[in-house]
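Novice: when you get a sec, could you give me coordinates for this:
(chains A and B, ligands or ions: 2)
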Amino acid sequence: MPNDSAYAAPAATHAASRPLVEVSMLEKRYGDSGPPVFSDVSFTIQPGEFVCLIGHSGCGKSSILNILAGLEQPSGGTVIMDGHEITRPGLERGVVFQGHALLPWLSAVQNVAFAVRSRFPTLSRAEIREKAEYYLHLVGLRSALDKKPAELSGGMRQRVGIARAFSTQPRMLLMDEPFGALDALTRGLIQEELLQICARTQQTVFMITHDVDEAILLADRVLLMSNGPDARLAESIDNPLPRTRTRESMHHETGFYDLRNHLVDFLVRRSALVSKGEH
Amino acid sequence: MISAESRRAFFLFLALFAGLLLVWQLSTASAPPRSPYGIPQGNAEYQMLMGHTPGTTRTREGFPGPARFAASALQALHAPFHDNGPSDRGIGWQVGASLLRVAIGYGLAVVVAVPFGFLIGLHPVIRRAVDPFIQILRPISPLAWMPLALYTIRNPEGCGIFVIFICSLWPIVLNTAFGVGSVRREWLNVARTLEVSWTRRVLFVLLPAAAPTIITGMRIGLGIAWLAIVAAEMLVGSSGIGYFVWNQWNNLSLSNVLLAVLLIGFTGMVLDGALAALQRSVTYAE
Ligand SMILES: Nc1ncnc2c1ncn2[C@@H]1O[C@H](COP(=O)(O)OP(=O)(O)OP(=O)(O)O)[C@@H](O)[C@H]1O
Ligand SMILES: [Mg+2]
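Specialist: Ligands and ions are numbered 1, 2, ... in the order given. As a prediction, the model looks like this:
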């Protein structure tokens, strides 16, 4: 058992720079009666940071992400990005949806082109196509560009969804369990591609996941949510592993098992205690 | 390659068709000729009135058999567009006249119904406000509008077009509203996160998403329109396939009536087939 408090300390390393996003006292309730889904959720996201949010099903992770995206309104609290409160969706935040959400009547490249045209309305048709293909290549999709989503495999669809989100060059990328429906092999491949792209482009990412190993591989910081109803943000944990970690090598890094045990222990044991006020 | 199943289906179709012709042939060959007014030809008084004395050879033809029908159909289809005044025009000309009315009335209905359907599909308040009107107007038989249309429009041509318009409107409105209202939320969320303009959202998200449902409504509407135009032309027309049927009935030309009936069915099939092809081209797999 690692020492809990060593990880539970707030992130000190990023405290110096000005955060890109400041979430404070966020609360969400559906309907007037009953406890809120979550309350008292506060955290910040630094520019270039990769933040993962972990928690049990139903604790309100998607709700938080949708509020950050501007698709839902909070019942209380605020989200400030670059000094402006987020009240509606915007192109500076790219979203990768839980169920890919590609438009089924458009081909892969048309789906991305739709986003490119929204972001760069003055580009010519050829330039838009070129940009769309560039982002599809970026996520490792080189063939099947003109196929419809129904004709693509699950992994290809998710790649298109990620390419679409990247193609608008958002300040922040929001991803809701982007790899949840994929097999382990495909997931590993796309995770590594994502890691490379994010490192290269200094992309700020807020991502929801159920997978502890995925969080350790991708995240600079892991946020842990306690169980709902009335869930809280229980811990914020900096990832001590070097940023050069890969899927194959990361379990040889010192601190990997301590971190992993800490996260798993939170999910199986402490997440339930927090909501009962015993933490 | 033709699959074994479709080959079997084709042979079964041929067998059914041959059986149908046989039944037709047998039933028309043996049946005693009947007056079109329902009086048995054996009625002696009637025969006297018609100028036949019993025992003379039959001069009146009954229901045409397949051979006679084919001959007269060939003759009618030989010059389908001849025009010797309103009571003697080719059958192609008549079908064309009906199609033109349908094109105008139905075209107007589509132009009105699709935007209206979008409006009520996107705004639940409007939908609930107009729903009672739609529910009452929708089940009205097209022909029930006829007297009101005649009184207010006064022009038979306009009446036919109005009847087509009013009866094909509702299925298109309802299907469009349903299709637009049930567009997947996540597709709309994609459009929102991309800050897509209103026009692009309507044209490139809502319209393609709802297109299969809208075209289902258009197919239903066109089917009703084609049913209604025949009936309307029987009542008030001076042209059109419905008028032709009625006119040939009055001429006691059952062959031509039969030909027109088959042509109505065939044209309806072609119209629906065209929309079905359009529907296939916009249908997407999720
Ligand atoms: N539109 C809604 N109306 C009412 N309740 C809702 C709505 N959306 C979510 N909820 C409730 O809010 C809670 C949190 O939902 P949310 O989708 O945010 O969970 P989650 O943490 O993303 O779960 P999962 O990991 O299964 O995706 C759930 O209990 C759910 O029942
Ligand atoms: Mg979720």
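Novice: quick check: which ranges of the chain have low pLDDT?
Specialist: Defaulting to chain A. A:1-16, A:274-279 (pLDDT under 70).
Novice: hmm, no, I was thinking of chain B.
Specialist: Looking at chain B by pLDDT under 70, you get B:1, B:30-61, B:86-87.
Novice: which residues of chain B fall in helices?
Specialist: B:4-30, B:44-49, B:66-78, B:91-122, B:124-137, B:146-153, B:156-181, B:185-193, B:198-201, B:207-236, B:241-250, B:254-282 (DSSP state H).
Novice: and the stretch 151-286 of chain B, which residues reach chain A?
Specialist: By CB under 8 Å from any CB of the partner chain, the residues of the stretch 151-286 of chain B that approach chain A are B:184, B:186-187, B:189-190, B:192-196, B:200, B:204-205, B:208-209, B:211, B:282, B:284-286. The way it works is simple: take the backbone N, C-alpha and C, and place the C-beta from them, glycine included.
Novice: from these, which would you call buried?
Specialist: B:186-187, B:189-190, B:192-194, B:196, B:200, B:204-205, B:208-209, B:211 (16 or more other CB atoms under 10 Å in any protein chain shown).
Novice: from those, which two are the most distant?
Specialist: Taking CB to CB as the measure, these span a maximum distance of 22.9 Å, between B:193 and B:211.
Novice: contact residues of the stretch 51-200 of chain A facing ligand 1?
Specialist: A:55, A:57-63 (CB under 6 Å from any ligand atom).
Novice: farthest-separated two in those?
Specialist: A:57 and A:63 (12.4 Å).
Novice: who has more neighbours, these two?
Specialist: residue A:63 (23 against 9; other CB atoms under 10 Å in any protein chain shown).
Novice: who touches the more buried one in this structure?
Specialist: Each residue near residue A:63 by CB atoms under 8 Å, 6 or more residues apart in numbering or on different chains is listed here: A:28, A:37-38, A:72.
Novice: so is stretch B:176-190 next to ligand 1?
Specialist: No: judged by CB under 6 Å from any ligand atom, stretch B:176-190 stays clear of ligand 1, getting no closer than 9.8 Å.
Novice: return that stretch as PDB; C-alpha atoms alone will do.
Specialist: Taking C-alpha atoms only, stretch B:176-190 is exported to PDB below (Å, rounded to 0.1, in the frame of the first residue of the first chain):
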ATOM      1  CA  THR B 176     -41.000  15.500 -42.000                       C
ATOM      2  CA  ALA B 177     -41.900  16.600 -38.500                       C
ATOM      3  CA  PHE B 178     -41.300  13.200 -37.100                       C
ATOM      4  CA  GLY B 179     -38.000  12.700 -39.000                       C
ATOM      5  CA  VAL B 180     -36.700  16.100 -38.000                       C
ATOM      6  CA  GLY B 181     -37.800  15.700 -34.400                       C
ATOM      7  CA  SER B 182     -36.100  12.400 -34.000                       C
ATOM      8  CA  VAL B 183     -32.700  13.300 -35.400                       C
ATOM      9  CA  ARG B 184     -30.100  11.800 -33.100                       C
ATOM     10  CA  ARG B 185     -29.100  14.200 -30.400                       C
ATOM     11  CA  GLU B 186     -25.400  13.500 -30.800                       C
ATOM     12  CA  TRP B 187     -25.400  14.600 -34.400                       C
ATOM     13  CA  LEU B 188     -27.000  17.900 -33.300                       C
ATOM     14  CA  ASN B 189     -24.400  18.200 -30.600                       C
ATOM     15  CA  VAL B 190     -21.700  17.700 -33.300                       C
END
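Novice: other residues contacting that stretch?
Specialist: A:71, A:89, A:95, A:97, A:99, A:101, A:103, B:113-114, B:116-118, B:120-122, B:124, B:127, B:201, B:205-206, B:209-214, B:217.
Novice: stretch B:6-21 too?
Specialist: residue B:66.
Novice: can you do 10 Å?
Specialist: B:2-3, B:65-67 (CB atoms under 10 Å, 6 or more residues apart in numbering or on different chains).
Novice: for stretch A:134-149, what is the distance to the chain centroid?
Specialist: Offset of stretch A:134-149 from its chain centre (CA atoms, centre = their mean, to the nearest Å): 22 Å.
Novice: and that stretch, what's buried?
Specialist: A:135-136, A:138-141, A:144-145, A:148-149.
Novice: which of the residues you listed fall in helices?
Specialist: A:135-136, A:138.
Novice: need these in a markdown table (columns: distance to residue B:79).
Specialist: What follows is these, written out as a markdown table (distance: CB to CB, whole Å):
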| residue | distance to residue B:79 |
| --- | --- |
| A:135 | 63 |
| A:136 | 60 |
| A:138 | 67 |
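Novice: tally of neighbours for residue B:133?
Specialist: 9.
Novice: what sits against residue A:149?
Specialist: The neighbours of residue A:149, taking CB under 10 Å, 6+ apart as the test, are A:100-108, A:111, A:156-157, A:160-161, B:284-286.
Novice: how is chain A carved up into domains?
Specialist: Domain ranges of chain A: A:1-92+A:194-279, A:98-169, per automatic domain parsing.
Novice: what's the local residue count around residue A:242?
Specialist: Residue A:242, neighbours per other CB under 10 Å, totals 11.
Novice: contact partners for the residue nearest to residue B:222 when sequence neighbours are not counted?
Specialist: Leaving aside its chain neighbours, residue B:222 sits nearest to residue B:271 (5.6 Å; criterion: CB to CB, 6 or more residues apart in numbering or on different chains). Residue B:271 makes contacts with B:99, B:102, B:106, B:219, B:222-223, B:225-226, as judged by CB under 10 Å, 6+ apart.
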